[in-house]
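K.L.:
for reference, the sequence and a predicted model appear below.
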Amino acid sequence: MARRAPFVLADVSVPAGTQKSVKIPAVRLYTDTPMDLHVEVFHGTKDGPVLLICAAVHGDELNGIDICRRLIKKLNPKRLEGTVMIVPIVNVFGFIHQTRYLPDRRDLNRCFPGSERGALGSRLAWLVYTELMTKATHIIDLHTGAIHRTNLPQIRCNITDPVALKMAEAFNVPVILHAKEREGTLRAEANALGISVIVYEAGEALRLESRPIKAGLLGVLNVMKELGMVQRRGIRTSFKPLMANNSQWVRNENDGLITNKVKLGSQVHKGDILGYSCSPHGDMEQPIRSPIEGLVIGMSKIPIANEGEALFHIAKFSDEDILEAGDIIDAFIEDYSKRQI
């Protein structure tokens, strides 16, 4: 049998059954310091999918970086079918400055597919698009909540894509959310190429959090098993994810101090009090109520808010599903509190 052909990335040849670190020149800073996109490539001995796993498209989202770091230590190219490209830090500029954005304040995840001769964000997006995304058959994009927001571990994807749905179910975190594509995002452009993508959201920016990292690492390995890339014993969990077709952010109707009455994973019914918006002078206390039946999957972490600021993100579920939600969240917490991965 003929040996599998090497995988070529940025003119670097990776032979079958080997691992290589590939540094793709990105841009130079105004100090003439070069900035590279660091890609860890695992090229298996047998044909199979080409899976791109990337983190820190927003530079301050650190949980995904640690998931990639741990995954790199676990993979063995000699026991791999297909090819894995791991990019722990996509937005190297934001990571250096501990910020979500690029130096020009653009959001990289609104710049895809980008342009070779555009602004900084557009150029970096074009590099990721042409060098990595076009070579992939499947993508896992790792995220957290934005600064001062936290997310319950969840998968966002297009559930009408059967391959993406299978990946989402295999990842196995409490919630799968059918999320509309936003123009300029990595996911939207990958889907336009016919590539199935799932986005993992868990935790908050500028933090390393044990449970979201464990769940993310196991989730990626579960997806690789589902795709036939690794042969490993399935790690069972005692829950199945809930699926939501839509979600809604609840915003503050009054500026003031915010006192929360719910937490991530709380079940809420329409009209339930989520918290109170309170005047710092003690003469006003307005309840913040849930407009829908569902599960709290995201929250602001700042106890002060101006009028109109988003405070609670609620995934909408049916009455039947919401009855199971508490047990699913409890099982998830129990599973990952003690699990060593």
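P.N.:
Great, that's in hand.
K.L.:
any low-confidence regions in the stretch 201-341 of the chain?
P.N.:
Scanning the stretch 201-341 of the chain with the threshold set as pLDDT under 70 gives 233-238, 319, 338-339, 341.
K.L.:
strands along that one, start to end?
P.N.:
Along the stretch 201-341 of the chain, counting by DSSP state E, counting those that start in this stretch, strands occupy 242-244, 247-251, 256-260, 267-268, 273-278, 285-289, 294-300, 304-305, 310-316.
K.L.:
could you identify which of these is most buried?
P.N.:
Of all the strands of the stretch 201-341 of the chain, strand 294-300 has the most neighbours on average by mean count of other Cβ atoms under 10 Å, namely a mean of 25. The C-beta positions use only the backbone N, C-alpha and C, and glycine is treated the same way.
K.L.:
how much does that strand deviate in direction from strand 256-260?
P.N.:
Counting by axes from the mean of the first three to the mean of the last three Cα atoms, to 10 degrees, strand 294-300 lies at 140 degrees to strand 256-260.
K.L.:
show me what strand 294-300 is in contact with.
P.N.:
For strand 294-300, the surrounding residues in contact (Cβ atoms under 8 Å, 6 or more residues apart in numbering) are 145, 148-152, 154, 175, 177, 201, 242, 244, 247-249, 258, 260, 262-268, 274, 309-317, 322, 325, 329.
K.L.:
got the phi/psi numbers for residue 83?
P.N.:
Backbone torsions of residue 83, given as degrees, to the nearest 10, read phi -140, psi 140.
K.L.:
my read: it touches residue 45, true?
P.N.:
No - Residue 83 is beyond contact range of residue 45, at 10.7 Å (criterion: Cβ atoms under 8 Å).
K.L.:
looking at these two, which is more packed in?
P.N.:
Set residue 83 next to residue 45 and count neighbours by other Cβ atoms under 10 Å: residue 83 wins out with 25 against 17.
K.L.:
what's near enough to touch the residue lying closest to residue 168 once chain neighbours are set aside?
P.N.:
Take residue 168 and drop its neighbours on the chain: the residue closest to it by Cβ to Cβ, 6 or more residues apart in numbering is residue 155, 4.3 Å away. By Cβ under 8 Å, 6+ apart, the residues touching residue 155 are 168, 171, 173, 175, 176, 177, 198, 199, 200, 201, 219, 241.
K.L.:
what about the residues you listed, which are in helices?
P.N.:
168, 171, 219 (DSSP state H).
K.L.:
what is the burial count for the nearest residue to residue 16 once chain neighbours are set aside?
P.N.:
Sequence neighbours aside, residue 4 is the residue nearest to residue 16 in space, at 3.8 Å (criterion: Cβ to Cβ, 6+ apart). Using other Cβ under 10 Å, residue 4 has 17 neighbouring residues.
K.L.:
report pLDDT for residue 4.
P.N.:
If you check residue 4, the pLDDT there is 93.
K.L.:
tell me which helix or strand it sits in.
P.N.:
Residue 4 is part of no helix or strand, with elements assigned from DSSP states H and E.
K.L.:
any idea how far it is from residue 83?
P.N.:
Distance of residue 4 to residue 83, given as Cβ to Cβ, to the nearest Å: 10 Å.
K.L.:
for residue 150, which residues are in contact?
P.N.:
Neighbours of residue 150 in contact, by Cβ under 8 Å, 6+ apart: 144, 203, 204, 264, 298, 299, 301.
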